[in-house]
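K.L.:
I would like to see how this sequence folds:
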Amino acid sequence: MIKQSRIEMADAVFRILQAGPLLTIQDSGRPHLMRYGVPKSGPMDRSSHAIANAALGNDQHAPCVEISMGGLTLECVSGEITVAVAGGGFRVDVGDHRVGSWNVLTVKKGQILSIKPALWGCWTYLAFAGALKADDWLGSAATHAQSGHGGGKLSANQTIAVGSAEIRSNREGEIPFPVWARARHTVRVVLGPQDRYFDEPTINALLKDRFKLTDAYDRMGVRLRGPELIPKEALSIPSEAILRGSIQVSGDGKATILLADHQTTGGYPKIATVISTDIDGFCQLRPHDEVKFLKILAEEAVFIMRRQSHAFELYMNSLISTTKRH
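P.N.:
Next up is the predicted model:
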């Protein structure tokens, strides 16, 4: 027998008791503005962000709270609301009830909601059954972490308010976990656009050796520890457009993978680019985790992207159809 949802149109308000670093509000990002020097921002793990929203019946682009390994603890000081948590393998506590992430549950006034890192993963997403009240910048609530523009960075003693909060009891329970949402220790790359500036042994080192993520890790990118990737000669490359997933090599031969808040242009050589479908899984690696790069051709990347987009669409349709019972 299907449980009926109880719908209440009141605000829910949370007080932040504890907030880790890089805690921000993120919608799906700020598109079409990189040409003007404005980063897209948005979630580090784009698929998990969309899934957390879809599990509640929200628009998949709606704002969520992005939580880093520092975790988040909230007290519900007003109202009652259903929430969803999806992303890394975090631990979720509501009062005396403990579940893993990839769950939908309801939080009531007076309860403490705690989301902490557990076995794996670096980022997770808290979505609300209602309208998260957040500032808008250039048409988006996505937060650019360095400037704070957008929905904003969150810290202890702040409040989070959700308008038109709803109880969606028919959506409560585990969210089906797709295998491709796991952290990726092997990511596929397409060489270039400046691989010509590196000799064959250096390219081989990129592809054959393992790298470790360092603690130099934020929403702009993560620096890697591994073999030096020294260009063949001193370079003077005009600044050019940069993409999420670019593997940029600095003057000391160290590689950095650029992520959600990456700058829009840069002049360091980019030896390779992580394909779009592998970026979410890469972002779920933690500092000191190992990663290996697997070379593929650009044509293969297009095929993989189309196949993964189709699989994601089927998953999302299945998720919506099994939970949309209003």
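K.L.:
mind listing what's buried in the host helix or strand of residue 317?
P.N.:
Element membership for residue 317, per DSSP states H and E: helix 298-323. Residues of helix 298-323 classed as buried: 301, 304, 308, 312, 315-316, 319, 323 (neighbour count, 16 or more other Cβ atoms under 10 Å). For glycine as for every other residue, the C-beta is placed from the backbone atoms N, C-alpha and C.
K.L.:
need these in JSON lines with pLDDT, can you?
P.N.:
What follows is the buried residues of helix 298-323, written out as JSON lines (pLDDT from 0 to 100):
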{"residue": "301", "pLDDT": "97"}
{"residue": "304", "pLDDT": "97"}
{"residue": "308", "pLDDT": "96"}
{"residue": "312", "pLDDT": "96"}
{"residue": "315", "pLDDT": "96"}
{"residue": "316", "pLDDT": "95"}
{"residue": "319", "pLDDT": "88"}
{"residue": "323", "pLDDT": "54"}
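K.L.:
who are the packing partners of the helix holding residue 317?
P.N.:
Secondary-structure packing of helix 298-323 (3 or more Cβ pairs under 8 Å, 6 or more residues apart in numbering; DSSP states H and E): helix 46-56, strand 186-191, helix 276-283.
K.L.:
mind redoing it with 7 Å?
P.N.:
Secondary-structure packing of helix 298-323 (3 or more Cβ pairs under 7 Å, 6 or more residues apart in numbering; DSSP states H and E): helix 46-56, helix 276-283.
K.L.:
and those, which is most packed in?
P.N.:
helix 46-56 (a mean of 26; mean count of other Cβ atoms under 10 Å).
K.L.:
show me the contact partners of that helix.
P.N.:
For helix 46-56, contacts defined as Cβ atoms under 7 Å, 6 or more residues apart in numbering pick out 26, 28, 43, 59-60, 62, 64, 82, 84-87, 104, 125, 127, 129, 168, 171, 175, 181, 280, 312, 316, 319-320, 323.
K.L.:
and the residues you listed, which of them are buried?
P.N.:
By neighbour count, with 16+ other Cβ under 10 Å, the contacts of helix 46-56 hold 26, 28, 43, 60, 62, 64, 82, 84-87, 104, 125, 127, 129, 168, 171, 175, 181, 280, 312, 316, 319, 323 as buried.
K.L.:
what comes up buried for the strand or helix carrying residue 125?
P.N.:
Taking DSSP H and E as the definition, residue 125 sits inside strand 112-128. Using 16+ other Cβ under 10 Å as the test for burial, strand 112-128 gives 113-117, 121-128.
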